[in-house]
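**Q** Everything below, folded, please.
(2 chains, ligands or ions: 1)
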Amino acid sequence: MNLENKGLRELFSLANQIGNKRYHKLTHQDFEKYREFDYWRYVNGDYECGTTQESRDWVTENSDSYCPICEQHYSVKGGKTIDHKLPRSQYPWLSMNFHNLWVICRDCNQEKSEMNWYEYEHYIFVNYHDWYPVVKAARPKLLLHSLKD
Amino acid sequence: MNKSQAINLLENEGWTKADAMRALEVIDFKSNPDEITIRRATSRFAGTELINRQRLQASQKGMVTKKNKEIERTHQEYTAKINGLNQSYQKEQEKYATQIQHLSNTNKVLETQLQNANTQNNELVKANQQLQKDNKDLKNIIDGIKLKLTMNIKQLLQYEDSEIRKALIHMFKSTLG
Ligand SMILES: [Zn+2]
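**A** Residues are numbered from 1 along each chain as shown, chains lettered A, B, ... in the order given. Just a heads-up that it's a prediction; the model follows:
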C-alpha cells in the first residue's frame, strides 16, 4: 500500500476501515459472550419478552431522571436504555462487564450507535461541543487500558 | 404217577408250575407213567426250552448291544457337535478379540488427534483474543490522535492569520469523517 501520496483524510479513512473490522467472524465463544447481556437484560434473552427485574433494578440504581449526555428528561428522549460504552459487537468479551455499561437516553444511544470510544468523543467534540466534558468524564479508562494487557 | 404228582415232582426241583404243566403236556397220564418216563419227557422239554431261552437271551443281548452301540454313536455324534461348537465359539472369540484390539488402537489414534486439535484450537482462541484487543487498541490510538489533532487545531483557530487559518481549516476538515 502506497501511503505517501495519500492525504490525512484518506489515511484516517484507511485506519478506520481496519479499526472497524472484526478479526473474529464472531466465533462461537464470542457469540455466547455477546448473548450474555441479552439474557441478563431480557426475559429469556428475547427483546420481545420485556426486560428482567434484575436489569431494571440496575438501571434504577445507575440513573436519575435525566440523560447524562443531552441532559434532557428521559421521558422526552425515548426513555432509558443501557449502552455499551465499547460496543459489544466489537468487544464481545466486555458484553457483561458493568464498567462498560451506562444508562443514556434512546436518542443518544441511537446516535452513538456502533462508534468506538474516541471516535464517539471526537464526534461529540465536533458536533456537540458543550456535551464534550461529560462524555470525556465517562471515558472507560480501565477497559481501554485493559486492551494493552 | 398222576399229573398233579408229576407237577409236584418238578416244582420240588425248582420248576415253575407253568413250565411244569407245559412240559407234561406230551405225557399221557391215562397210561399211569412212571418217574423215568416223566423225567425223559421233561428233560427233552427242558432242552428245547433252554435253547429257546438261550435264543431269546441272545436276541435280547443283541438288542442291548445294538442299543448300546446306538447310544455310543449318539454320544459320539453329540461329542463331535459339542467339539465343533466349542471350536467355532473359540474362533468367534478370537475374531472379536482382534476386532476389539483394532478398535482400541483406532481409538487411541483418534484420542491423540483430538488432543492435538484441542491444543491447536486453544492456541487459535488465544491468538484471536490477542488480535481482537490489538485491533481495538490500534483503532483507539488512531481515534485518540485524531481527537487530539482536532482539539489542537480548534485551539489554534483562535488566532488571527488568514493564511494559517485557511490551512488549519483544511487540516481540521481532514480529521472529519
Ligand atoms: Zn440523551
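**Q** So for the longest helix along chain A, what gets flagged as buried?
**A** For chain A, the helix with the greatest residue count under DSSP state H is helix A:28-41. By neighbour count, with 16 or more other Cβ atoms under 10 Å in any protein chain shown as the criterion, the buried positions of helix A:28-41 are A:Asp30, A:Lys33, A:Tyr34, A:Glu36, A:Phe37, A:Trp40, A:Arg41. Quick note: C-beta positions are derived from backbone N, CA and C, even for glycine.
**Q** Identify all contacting residues around it.
**A** With Cβ atoms under 8 Å, 6 or more residues apart in numbering or on different chains as the contact definition, helix A:28-41 has outside contacts at A:24, A:26, A:45-47, A:51-52, A:54-55, A:82, A:84, A:88-89, A:92-93, A:95-96, B:125.
**Q** Can you name the next helix or strand after it?
**A** Moving toward the C-terminus from helix A:28-41, the first helix or strand encountered (DSSP states H and E) is helix A:53-61.
**Q** For that next one, buried residues please.
**A** Of the residues in helix A:53-61, A:Ser55, A:Trp58, A:Val59 count as buried by neighbour count, 16+ other Cβ under 10 Å.
**Q** and what of stretch B:136-143?
**A** Of the residues in stretch B:136-143, B:Lys136, B:Asp137, B:Lys139, B:Asn140, B:Ile142, B:Asp143 count as buried by neighbour count, 16+ other Cβ under 10 Å.
**Q** got a pLDDT number for the residue of chain B found nearest the ion?
**A** Of the residues in chain B, the one nearest the ion is B:Leu147, at a distance of 20.6 Å by Cβ to the ion. Confidence at B:Leu147, expressed as pLDDT, is 90.
**Q** Please report phi then psi for A:Pro87.
**A** For A:Pro87, the backbone dihedrals (degrees, to the nearest 10) come out as phi -50, psi 130.
**Q** ok, it touching A:Glu119?
**A** No: using Cβ atoms under 8 Å, A:Pro87 is not in contact with A:Glu119; the gap is 10.3 Å.
**Q** Which strands or helices does the longest helix along chain B pack on?
**A** The residue-count maximum for a helix in chain B (DSSP H) belongs to helix B:35-156. The criterion is 3 or more Cβ pairs under 8 Å, 6 or more residues apart in numbering or on different chains; DSSP states H and E, and the helices and strands that helix B:35-156 contacts are helix A:8-19, helix A:117-127, helix B:3-12, helix B:17-23, helix B:162-174.
**Q** Rebuild those helices as JSON lines, extending it with mean pLDDT and distance to B:Lys69.
**A** What follows is the helices and strands packed on helix B:35-156, written out as JSON lines (pLDDT from 0 to 100; distance: least, Cβ to Cβ, whole Å):
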{"stretch": "helix A:8-19", "mean pLDDT": "83", "distance to B:Lys69": "100"}
{"stretch": "helix A:117-127", "mean pLDDT": "95", "distance to B:Lys69": "105"}
{"stretch": "helix B:3-12", "mean pLDDT": "86", "distance to B:Lys69": "40"}
{"stretch": "helix B:17-23", "mean pLDDT": "85", "distance to B:Lys69": "33"}
{"stretch": "helix B:162-174", "mean pLDDT": "83", "distance to B:Lys69": "118"}
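**Q** which of those helices is buried the deepest?
**A** Relative to the other members of those, helix A:117-127 carries the highest mean neighbour count by mean count of other Cβ atoms under 10 Å in any protein chain shown, namely a mean of 20.
**Q** What lies in contact with the helix or strand that that one is followed by?
**A** Of the helices and strands lying after helix A:117-127 in sequence (DSSP H and E), the nearest is helix A:132-137. Counting contacts by Cβ under 8 Å, 6+ apart, the residues outside helix A:132-137 that touch it are A:Pro68, A:Ile69, A:Tyr120, A:Glu121, A:Ile124, A:Phe125.
**Q** now, which of the residues you listed lie close to chain B?
**A** Checking the contacts of helix A:132-137 against chain B by Cβ under 8 Å from any Cβ of the partner chain, the ones in range are A:Glu121, A:Phe125.
**Q** I'd like the distance between the closest residue to A:Asp46 other than its chain neighbours and the ion.
**A** With Cβ to Cβ, 6 or more residues apart in numbering or on different chains as the criterion, A:Asp46 has its nearest non-adjacent residue at 7.7 Å, and that residue is A:Asp38. The spacing between A:Asp38 and the ion, counted by Cβ to the ion, to the nearest Å, is 23 Å.
**Q** worst-scoring helix or strand of chain A, pLDDT-wise?
**A** Across the helices and strands of chain A, the lowest-confidence element by mean pLDDT, DSSP states H and E is helix A:8-19, at a mean of 83.
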